[in-house]
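**Q** just the structure for this:
(2 chains)
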Amino acid sequence: MKMIAIVSRLAWRNLWRNHRRTLIMLVTIAVGIWAMIFMTALMRGMVNEMVRDAVRVLPGHVQIHHPAYLDDPNIVNSIAAPDEKLLEVLNGPDIVAWTTRVRVPAVVSSARESRSVTFLGVDPATEAAVSFVAGDIVQGGFLENGDDDGIIVGRKLLETLETDMGKRVVIMTQDPDNEIADRGFRITGVFDANTDALEEGYVFTGVKAAQGFLGIPDRIHEVAIVGSDFRQIDGIYKAIADATGPDFSVLSWTELNRYLGTLLGVMDGFVLIWFVVVFLALSFGLVNTLVMAVFERVREIGLMLALGVKPMIILSQIIAESLWLLGIGALTGNLIAWLTIRPLREGIDLSSYADGMEMFGYSTTLYPEMTMGDVVTANLVVLSLGIIASLSPAIRASRYQPVEALTKV
Amino acid sequence: MSDIQCVDLCRTFYQGDTAVTGLDHVSIDIKKGEFVCLVAPSGGGKTTLLNAIGGLDKPDAGEVWIAGKRIDNLGKSALAEMRLNNIGFVFQAYNLIPVLTARENIEFVMEVQGIPAADRHIRSAAILAEVGLEGLEDRRPAKMSGGQQQRVAVARAIVAEPEIVLADEPTANLDSSSAEQLMDLFVALNKKHNTTFVIATHDQRVMEYARRIVKMLDGRIDQDIPQVGR
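**A** Presented below is the predicted three-dimensional model:
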């Protein structure tokens, strides 16, 4: 304990023997840490927003289907409404919202054009908490209830079909007997989405209206469930899978959207690589500072060894100097990161790049996300690798022969 | 009993391919409380012998015994421990740690030894008074004259009450007045604490204080002359 006090005091005072060099190094470390945290916050914000948007589009965090539905989204691959056992889980405290849907492929036609779409029968009361569509209506209104037989289309589809609000379109699909089922629906709402593909690919009506039209009363194709955090769905996934049993297919959003699931995993790897790359850049400065500090003090180190200071204490002193530098630099970097990220919590407006952003599924507002995990990782990387980088000059200093060091010119 | 015993010490240095003899079969006994000057022209071997006695350098052959314990075969840490507890050093220059004040420099060895702060303060205050540096305790070396720095170094060397003080050309950078004060201090400390002093020098003024002069030449002991010192 006494040696820690001596080493710490000597290290601190030695640090300020060359103010300019120390300050430059501190600025370098602080900027490095800031860059690590700030850039990671931007990247996290972008990817997380992308995942949230994707999850909000339709899938939720977990979905339940007929086992054959994903390979063959045929009307017959339907399931019954949730039973009591499943309802107990769905209405539990870990689940924020859930909804049931009828979902079949169809063709929508106006008087002038037709397009293939996914036809969804939804319960507007529960759908609003699960997906984007109820909140992104730009013309008309969303469905009023499950019996509502109006149809909600995307803005792009409206243009493609060369039709308008209040006009009728025809939905054509197959009924359970493989016969053509078609019916006219009046456009009662238009939604806006991040991508044209969404606006052109989905149409919505009331779930009961859809069941009646398709002749599948009480049958659904999908249950979409939302938990509290898209990163932590293992618990609700397991509870749902246990409640449904093997006769249902239960899939998480990472399985439903493998691209985003993989992206999230890759993101963690990128963050670590980014941290290490930034550290490597600043480590040159750190090692140079310590090498110079040792080089300038060879005789002093020799004197300390001659007086009976053990080599391990000399090594500890150089490491302590490195720790002081890294610690103060890291604290400053963290503070700057917090000060620069905090004012951006309302989001960075990227609407001038809206077309490009939407094409890749990104939101036009970027919300930087500074997570405790990333901050801790950035600091750990800098501190641990910093200590490793300072070992070389520290070991060199501790290995001096006192008599040689004392006569060094 | 000898405080310092060197037996048949040999040490050779190499400058490129050229071998330079530092110590050539040197044997010497120095008893407790002796005040010895090692005298030699440059390259005569006095500093090499001093370094071997202090465990700062290892001889190629021979044995070094300090207070009855052989030290030439000790490892780095054990040697450091031996120096810390048995020997006080005073070097020609660059004697102090620049980032510590006079008091902190004096207390440094005691601090490393683990002596409690209260004890250290009492002992450093006493030794500061003894070496005439009262009022300068909070000055850093850069703010002190060469003579004052050497006194701090002497105070540090003696404050932990080592059995032996080794001084290498301690007056080389001092004017005659400072040199005289320093040597008076050495003699006083030698008498008061019965500390063994071994001083490497070629300064005639220093030799006048010695009670034993060991003259060296080309790494060998040429003459070993008892003196009547002050």
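**Q** CA atoms for contacts and neighbours, from now on please.
**A** Will do.
**Q** mind checking pLDDT for A:Tyr362?
**A** pLDDT, A:Tyr362: 63.
**Q** for chain B, which segments count as helices?
**A** Taking DSSP state H, the helices of chain B run over residues B:46-53, B:76-86, B:102-113, B:117-130, B:146-159, B:176-193, B:204-207.
**Q** average model confidence for the second one?
**A** Same thing as helix B:76-86. Helix B:76-86 comes out with an average pLDDT of 91.
**Q** what residues are up against B:Pro226?
**A** B:Arg211, B:Arg212, B:Ile213 (CA atoms under 8 Å, 6 or more residues apart in numbering or on different chains).
**Q** now it: how far from B:Leu50?
**A** According to CA to CA, to the nearest Å, B:Pro226 and B:Leu50 sit 19 Å apart.
**Q** same thing with A:Val57?
**A** Using CA to CA, one obtains 84 Å as the distance from A:Val57 to B:Leu50.
**Q** between these two, who's got more neighbours?
**A** For A:Val57 and B:Leu50, the more surrounded residue by other CA atoms under 10 Å in any protein chain shown is B:Leu50, and the numbers stand at 19 against 16.
**Q** next one, pLDDT for the more buried one please.
**A** 94.
**Q** can you pull the contacts of A:Thr173?
**A** By CA under 8 Å, 6+ apart, the contact set of A:Thr173 is A:Val104, A:Pro105, A:Ala106, A:Val107, A:Ile180, A:Ala181, A:Asp182.
**Q** might you report the residue contacts of the residue of the stretch 151-300 of chain A found nearest chain B?
**A** The minimum distance from the stretch 151-300 of chain A to chain B, using CA to the nearest CA, falls at A:Glu300 (6.5 Å). Contacts for A:Glu300 (CA under 8 Å, 6+ apart) come out as A:Ala405, A:Leu406, B:Tyr94, B:Leu96, B:Ile97.
**Q** which of those residues lies closest to A:Asn194?
**A** Closest to A:Asn194 out of the contacts of A:Glu300 is B:Ile97 (67.1 Å), distances taken as CA to CA.
**Q** how far away is that closest one from A:Leu315?
**A** B:Ile97 sits 17 Å away from A:Leu315, going by CA to CA.
**Q** which residues touch the residue nearest the centre of chain B?
**A** The centre of chain B sits closest to B:Leu166, judged by CA atoms, centre = their mean, with a distance of 1.5 Å. Residues counted as contacts of B:Leu166 (CA under 8 Å, 6+ apart) are B:Leu50, B:Gly54, B:Ile87, B:Gly88, B:Phe89, B:Val90, B:Phe197, B:Val198, B:Ile199.
**Q** recalculate using a threshold of 7 Å.
**A** Shown in contact with B:Leu166 (CA atoms under 7 Å, 6 or more residues apart in numbering or on different chains): B:Leu50, B:Gly88, B:Phe89, B:Val90, B:Phe197, B:Val198, B:Ile199.
**Q** skipping its backbone neighbours, what lies nearest A:Pro105 in space?
**A** A:Thr118 (4.6 Å; CA to CA, 6 or more residues apart in numbering or on different chains).
**Q** for the one you found, helix, strand, or coil?
**A** Here A:Thr118 is recorded as strand under DSSP: H, G, I helix; E, B strand; the rest coil.
**Q** so it bridges to which residues?
**A** On the basis of DSSP bridges, A:Thr118 takes part in beta bridges with A:Pro105, A:Tyr202.
**Q** and it, what is it in contact with?
**A** By CA under 7 Å, 6+ apart, the contact set of A:Thr118 is A:Arg103, A:Val104, A:Pro105, A:Ala106, A:Gly201, A:Tyr202, A:Val203.
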